[in-house]
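A.B. asks: Sequence and computational prediction follow.
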Amino acid sequence: MKPSHEWFTEQAPELGSAFSLKITEKLHEEQTPYQRLEIYATQSFGRLMVLDGFIMLSGLDNFIYHEMLAHPALFSHPAPENVVIIGGGDCGTLQETLKHSCVKQVFQIEIDEQVTRAAEKYFPELCKSNNDPRAQFAFEDGIAWIKNAEPGSIDLIIVDSTDPIGPAKGLFQEPFYRACYQALGNRGLLVQQSESPLAHMNTIIAPMHKTMRAADFSDTQTLFFPLPVYPSGWWSATIASKDDKLTFTRGKDAVNTPLTTQYYSADIHKAALIQPPFVKKALANT
């Protein structure tokens, strides 16, 4: 939605709700080859990135999303050395991933280079690790990149995508998951943002579990966390394991060598995986 007077409003028709932020200035607007990109200054949520009218992140709460998308999966793999991020153009997930000293290389595959350039200018706090020698960038289609990846060459794939509409729709479909499965090595993991459990449990999250398992992943788990700027204020990420049942493999590392985080901790990790009864019911047949 376009801002009305001094407010930016995003409607969520599936919930019959809307979320508004008071804006103080429009900092940037452009039509990239892929989407409309806008940056605003807000009264109390810091800077705001919007793509095609949908809120992507705010300066106030993005750390919750980035930490919960990266660290639970990284601590669930015994030795995550080679990581690929699909999407993630704001670079926040990349920065969190590179906090793990065991990670030797991260490829970030973002189709829209302008998102990253805008993040570097307007969200520099998220881009502090962009010059880390372990980070490599490719501005191209993530689905094609994964399809062409060397089999067994990746330990963890993080899908930090927009909603499953438009170019991102293919990131939620079985052919993509099968390509991820092929690209992952032994004990490889895939983690993907999976929308709101209140708004999308039966339309996105439960189907994701079925589709991931149809692509031969052996175990799938969804974790939950708050995210004020997203529809319903409650968000999720879903992890799929290639070979083994998902466990908190590096739990001792999370406790004994804690990272510099604002939300994630070993206790938060364990709590985020607890499933409310309505979630158990929805996922019972997946």
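C.D. replies: Good, I have the coordinates. These figures come from a predicted structure and were not determined experimentally. Numbers count the residues shown, from 1 in each chain.

A.B. asks: can you pull out the helices in the stretch 101-250 of the chain?
C.D. replies: Assigned by DSSP state H, counting those that start in this stretch, the stretch 101-250 of the chain shows helices spanning 113-122, 142-147, 174-183, 197-200, 206-214.

A.B. asks: Quick one: work out the angle between the last one and helix 174-183.
C.D. replies: Compare the direction of helix 206-214 with that of helix 174-183 by axes from the mean of the first three to the mean of the last three CA atoms, to 10 degrees and you get 50 degrees.

A.B. asks: let's have the chain start at 20 instead
C.D. replies: That works, and once the first residue is 20, the last one we named lands at helix 225-233.

A.B. asks: helices or strands next to helix 225-233 in the packing?
C.D. replies: The helices and strands touching helix 225-233, judged by 3 or more CB pairs under 8 Å, 6 or more residues apart in numbering; DSSP states H and E, are helix 193-202, strand 238-245, strand 253-260, helix 296-302. C-beta coordinates here come from the backbone N, C-alpha and C atoms, glycine included.

A.B. asks: Could you tell me which residues within the first one count as buried?
C.D. replies: Residues of helix 193-202 classed as buried by neighbour count (16 or more other CB atoms under 10 Å): 195-202.

A.B. asks: which stretches of the protein have low pLDDT?
C.D. replies: 20-24 (pLDDT under 70).

A.B. asks: could you point out which element follows the longest helix seen in it?
C.D. replies: Counting by DSSP state H, the longest helix found in the chain is helix 81-93. Counting by DSSP states H and E, the element after helix 81-93 in chain order, helix or strand, is strand 101-106.

A.B. asks: Stretch 186-201: end-to-end distance?
C.D. replies: Stretch 186-201 has an end-to-end distance of 22 Å (criterion: CA to CA, to the nearest Å).

A.B. asks: burial measure for Gln50, as a count.
C.D. replies: Neighbours of Gln50 under the rule other CB atoms under 10 Å: 9.

A.B. asks: Name the nearest residue to it, sequence neighbours excluded.
C.D. replies: Distances taken as CB to CB, 6 or more residues apart in numbering place Leu56 nearest to Gln50, at 7.7 Å, with adjacent residues excluded.

A.B. asks: quick one: contacts for that neighbour?
C.D. replies: Leu56 makes contacts with 47-50, 68-70, 131, 133-134, 137, as judged by CB atoms under 8 Å, 6 or more residues apart in numbering.

A.B. asks: Leu145 contacts Phe82, doesn't it?
C.D. replies: No - contact criterion CB atoms under 8 Å: Leu145 and Phe82 do not qualify, at 9.1 Å.

A.B. asks: if we can go back for a sec, quick one, which of the contacts of Leu56 are buried?
C.D. replies: The buried subset of the contacts of Leu56 - by 16+ other CB under 10 Å - is 68-70, 131, 133-134, 137.

A.B. asks: So what angle separates the directions of the longest helix of the chain and strand 101-106?
C.D. replies: Going by the same axes, to 10 degrees, helix 81-93 makes 140 degrees with strand 101-106.

A.B. asks: Format the CA atom coordinates belonging to helix 81-93 as PDB.
C.D. replies: Extracted in PDB, the C-alpha atoms of helix 81-93 (Å, rounded to 0.1, in the frame of the first residue of the first chain):
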ATOM      1  CA  ASN A  81      14.800  -7.100  12.100                       C
ATOM      2  CA  PHE A  82      17.300  -8.700  14.400                       C
ATOM      3  CA  ILE A  83      14.700 -11.100  15.600                       C
ATOM      4  CA  TYR A  84      14.000 -12.400  12.100                       C
ATOM      5  CA  HIS A  85      17.700 -12.600  11.100                       C
ATOM      6  CA  GLU A  86      18.900 -14.300  14.200                       C
ATOM      7  CA  MET A  87      16.100 -16.900  14.200                       C
ATOM      8  CA  LEU A  88      16.400 -17.700  10.500                       C
ATOM      9  CA  ALA A  89      20.200 -18.300  10.800                       C
ATOM     10  CA  HIS A  90      21.200 -19.500  14.300                       C
ATOM     11  CA  PRO A  91      18.800 -22.400  15.000                       C
ATOM     12  CA  ALA A  92      19.700 -24.100  11.700                       C
ATOM     13  CA  LEU A  93      23.400 -23.400  12.100                       C
END
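
A.B. asks: Great, nothing more from me.
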